[in-house]
Each structure stands twice: as C-alpha cells, then as structure tokens.
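J.: Here is the input, now give the coordinates:
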Amino acid sequence: MIETAKACNLFALDMYRELAAEKGNIFFSPWSLSYALAMTGEGARGKTAEEMSSVLHFSASESARRRSFSLIDKKVNASDSGCSLHVANALWVEKSFHLEEDYSELLEKSYHARATNLDFINAGEESRRIINSWVEEKTCGKIREIIPSDVIDYLTRLILTNAIYFKGRWRREFDRNLTAKEDFFTGEGSKVAVPMMRRLDDSAVFPYFESEELQVLRLPYLGDRLSMTLILPRNNDLAPLEASLDAETISRWRMELVERRADVYIPRFKVASNYPLNEILIKLGMPTAFDDSASDFTGMSIKWGRRLYISHVFHRAYVEVNEEGTEAAAATAVVIKWRCLPPKPPIFRADRPFIFMITDDQTGLILFMGRVNDPVAD
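T.: Predicted structure coming up:
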C-alpha cells in the first residue's frame, strides 16, 4: 500500500510540473488519474504496458499493486475518517464488443469497477448522458459533462471512469465574521482584493515549519486523518519552488512540522479545472497507448486488442475552501476506441461492354436506354 501511495505521489509531481507550464490556477486529483490509468493499463501488453507502468511509477509486482489498490480503495471509502470521502470506478463497454472475462473480473476484484454494457454505436449521445450522470452523482453534482459531445461514436469500445468526492470540516474552523477583503498579489504581479480568512486567536495552533525560502502549514480536518498542507514561498515567485519540488522534500517537510501557535491568513477560494490530457501523458512517456497503429491492449481483447487505442483522457476537478472546511471532487475518463481500417475502395472500370440508362428519378421512368459495345464506333 505504501509503495502505491509513493508511486501516485511521484506521478502527482510529474503531472503538476506539466500543468504548471500554463499560467493560472491548477487543481487536479492524481489519485483519480492513477486509478483510471491503472485500470486501463491492466489491459495493456508489451511496450504499451511498459510505458504506462513507467509513467505511473508502478513497481514490477502486479499482484502487490492490485492488492494495494484494493486496500487503499477500501480504506478511502471507509467511514472512519471524520470526513465525507468516497471513490467510485466503472467500466462502460460497447454491447457488441467482446471483452475478455479475465480483464473484467480483475477490474471488479481489484479496482471495484463493474462493467456495464452500452450502445455506443447506435446510441452514443444516450450513452454519454448515462456516463456523465454517473459521474455527476458520484461527485455530488460537482463534476458535470466529463465526456464532451462528439467523443463517443461508432468506433468507441470502452470508457473507464473514476470519480472521487471529499467534504471535510476544519478541526479548528475560521470565524466567518473575521473574514475581510485584503490584497492578494498574483503571480503575474497584479493586485486583487480577496476575502481573507483569519485565525488570530490563542487556539490557532497548527503543525508548522519554516525555512529561509518558505513556510509550510498543515490544517487538519475533523477526525485528524485528513489535512490540507499549504506551501508558501517567502516571495511571490513560485517558479523556483515548483522546479525544486520532489516527493522526498515534501516528506522531509512533513516530518519537520511542529505544533505551533501561528497567525493564519488564507484566502477563501474556489477552483474548477478541465484538462484534456493526451498531450501531457504522451510527453511524460506513454505515447504507444495513444498510437492506433502500435498500441497493444490484448489484455482487454485477445482478438481485437491490437486495434484498440486510447483516444482521449479527460480530467475535471473542483475545490472550494471556506471558513467551515473544504469540498473537492474530481473525475477521470479514459476513452478506448477501435482503429477502423478504411475499406478498400471499389474499382468500377468500364473497360468492357455495359448497359446504361437515362431515367426520371422522381418517377423511375426510363427515358433512354442503351448499350456500349464499342465506345469509338460510330
């Protein structure tokens, strides 16, 4: 279980660095992404599987990884955290497509993802509505339209989905009456007024660490199993911190946190994100899974697996932080399509005698009719 958590954290930092290349806010769920891609990777073979495992930082032991995902899933969905936290997975399959029984049984046993048949070929929009409704329900209405229109078509064979929802109250809440507008200096150098939450009382004691370059604060949620960690550079230039961020450093900071009285100012904020991730995942090192001429998903279908490829990876996330606590949700959808070889065009070579007609197409009346036996004869 620890190894899988480490793998997910390494993938989280890889993904963060890629997303950080663009300006603006960032929010995503590395666990949701890892989960959906792990389920997809279970059906990959050869180079496709090797690349996916490498990008996700998975160990060589498949059995250990599967047990770990199952255990973490049960732990996350347990009701002992003091917060509302749950994860759900599903596999949606074109009803005419033969999915290997071993693959579907593995996903249900190790990833708690049950397969549902849909009619992608004849009822693509209805299928999209069903999947999007499932995601919306599992995220308590926070993630809608995970799959955009015009994605599901007659070539779609599988869609793997993961949804995660979290709502937790601070162990020590902020007094809403103390929240006031203050200046926030953006990464672009501008100044904006934001509602700044405050904890200035004697009971504002939190796990805290500081160095010359940064400050780290951990805000526990009720139940003391989950928390939010904030990493704040001493100046408003976040780039050096992002460039140096790694799993070992984060682990060291967490070890050095000490309960300490602190005056805390945190903006109330809300972030919603929508990421199509094909290009980023290819850049991170798994291009073969997206290559319709080289991918190998024979673990999903022995007969047709070399004609399956990932056409899209969608990820949406939402977070709201206020005086009471935090609400967050995310969903991932991996769309698997079937490479359709273009049919060989028919050849109509009129190099021998033929009959022809000129007709009235409204009535079907043959107006003229003839035969060409020799095109150059008078």
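J.: Okay, strands next: where are they in the stretch 101-250 of the chain?
T.: Ranges of strands in the stretch 101-250 of the chain, per DSSP state E, counting those that start in this stretch, are 113-118, 156-169, 180-185, 191-199, 205-210, 214-220, 227-233.
J.: Please point out which parts of the first one sit buried.
T.: Read it as strand 113-118. Neighbour-count burial for strand 113-118, counted by 16 or more other CB atoms under 10 Å, picks out 113, 115, 118. The C-beta positions use only the backbone N, C-alpha and C, and glycine is treated the same way.
J.: Thought residue 127 was touching the last one, still the case?
T.: The one in question is residue 118. Yes. Using CB atoms under 8 Å, residue 118 makes contact with residue 127 at a distance of 4.1 Å.
J.: quick one: common contacting residues for those two?
T.: Common contacts of residue 118 and residue 127 (CB atoms under 8 Å, 6 or more residues apart in numbering): residue 92.
J.: Figure out the helix or strand that residue 47 lives in.
T.: Secondary structure from DSSP states H and E places residue 47 in helix 46-55.
J.: elements contacting that helix?
T.: Here helix 46-55 touches helix 30-41, going by 3 or more CB pairs under 8 Å, 6 or more residues apart in numbering; DSSP states H and E.
J.: So what's the gap between the helix it packs on and the chain middle?
T.: In terms of CA atoms, centre = their mean, to the nearest Å, the centre of helix 30-41 is set 7 Å apart from its chain centre.
J.: Please enumerate the helices of the stretch 51-200 of the chain.
T.: 62-76, 101-111, 124-138 (DSSP state H, counting those that start in this stretch).
J.: With residue 29 as the reference, name the closest of the ones you listed.
T.: helix 62-76 (11.7 Å; CB to CB).
J.: who's in contact with that closest one?
T.: By CB under 8 Å, 6+ apart, the surrounding residues in contact with helix 62-76 are 1, 3-5, 35, 38, 58-59, 85-87, 89, 106, 109-112.
J.: average model confidence for that helix?
T.: Helix 62-76 comes out with an average pLDDT of 84.
J.: what's near enough to touch residue 80?
T.: Counting by CB under 8 Å, 6+ apart, residue 80 has contacts 223, 225.
J.: and it, how far is that from residue 216?
T.: 27 Å (CB to CB, to the nearest Å).
J.: try residue 201
T.: Counting by CB to CB, the gap from residue 201 to residue 216 is 21 Å.
J.: With residue 166 instead?
T.: In this view, residue 166 and residue 216 are 21 Å apart by CB to CB.
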